[in-house]
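>>> Sequence and predicted structure are below.
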Amino acid sequence: MRAIARGVIKLLHQLYIHGKWVSGTRGLTKPVTNPANEQIVAEVAQAQAEDVEAAVNSANLGFKIWRSVSPWERSKILNRVAYLIEVPADVINGVKKFVIDKVMESGGKVCPPTIVGVGIGGTSDLCTKIAKLAASRPLGSVCDDPEGAKLEKELSEAINSLGIGAQGLGGNSTAFAVHVETAATHITMNPVAVNIMCNSARRAQARFTTNGVEYGF
């Protein structure tokens with residue numbers, strides 16, 4: 001969408017309004033200067049009052065739809081957008097390294113095979129919470145986020161190739177599964193938390209009714 005001609009970047013001379021590129025009402029452009037030497041380095045479309053009004057009207061229409069979306073669904077949508085933004089590959093590699101390092105540090109002390117819960121995103125407290133929720137998810141369940149589901153598979157394969165094995169005695173059964181949960185976060189921060197559930201973890205539930213308490217699993 002851009003080319004360099006005579007040292008000046010020619011950006012697409014259109015405005016992005018209501019989900020599509022449109023020409024400005026007057027077709028004007030505006031130079032962008034380098035503050036260090038005041039040389040023109042790019043030219044961009046210059047919006048007019050009519051263009052701003054169209055963008056605001058579009059935003060108002062979008063808000064009417066967005067406000068009806070639950071906070072949980074919003075977080076999943078925003079998190080998906082974050083994954084689609086071009087981020088250096090070492091961010092995901094850094095997440096993988098952190099998780100694998102924690103599993104290696106734990107070794108056989110956590111009674112493997114384990115369920116490894118991984119929380120990614122949100123704030124530090126939320127990240128810790130969703131890591132615990134991930135670890136307590138039923139076996140066989142998959143992360144709702146496609147990128148999270150992909151990461152689950154990759155981490156499971158990597159962790160089970162470490163050779164820690166059941167009770168730390170070696171083998172390829174270090175983890176029953178790796179469960180990942182994600183939350184929306186700012187692109188400049190990406191907290192990660194790991195919660196390792198030992199193989200003796202038990203699940204139970206209780207239902208309180210007017211007739212008393214019913215227990216189940």
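Sure, I can see it. Residues are numbered from 1 along each chain as shown.

>>> Surely residue 181 touches residue 132?
No. Assessed by C-beta atoms under 8 Å, residue 181 is found out of contact with residue 132, at 9.2 Å. Using the backbone N, CA and C atoms, a C-beta is placed for each residue, glycine as well.

>>> what are the ranges of the strands in the chain?
Secondary structure of the chain (DSSP state E): strands at 3-5, 8-10, 15-17, 20-22, 29-33, 40-45, 114-121, 175-183, 192-197, 205-209, 212-216.

>>> Residue 56: which of the ones you listed is closest?
strand 15-17 (9.8 Å; C-beta to C-beta).

>>> Flag every buried residue along the closest one.
Neighbour counts using 16 or more other C-beta atoms under 10 Å place 15, 17 of strand 15-17 among the buried residues.

>>> now it, how far from the chain's geometric center?
Relative to its chain's centre, strand 15-17 lies at 26 Å (C-alpha atoms, centre = their mean, to the nearest Å).

>>> Give me the contacts around stretch 191-200.
Contact with stretch 191-200 is made by 95, 98-99, 102-103, 106, 110-124, 127-128, 130-132, 134-136, 176, 185, as judged by C-beta atoms under 8 Å, 6 or more residues apart in numbering.

>>> Comparing the strands of the chain, which comes out most buried?
strand 114-121 (a mean of 26; mean count of other C-beta atoms under 10 Å).

>>> Extract the CA atoms of it and return them as CSV.
Provided in CSV are the C-alpha atoms of strand 114-121 (Å, rounded to 0.1, in the frame of the first residue of the first chain):
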residue,chain,number,x,y,z
THR,A,114,0.1,-33.0,35.5
ILE,A,115,-2.3,-30.5,33.9
VAL,A,116,-0.4,-27.3,33.2
GLY,A,117,-2.6,-24.2,33.3
VAL,A,118,-1.4,-21.2,31.5
GLY,A,119,-2.8,-17.7,31.7
ILE,A,120,-1.9,-15.1,29.1
GLY,A,121,-2.9,-11.4,29.1
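
>>> Right, I'll leave it there.
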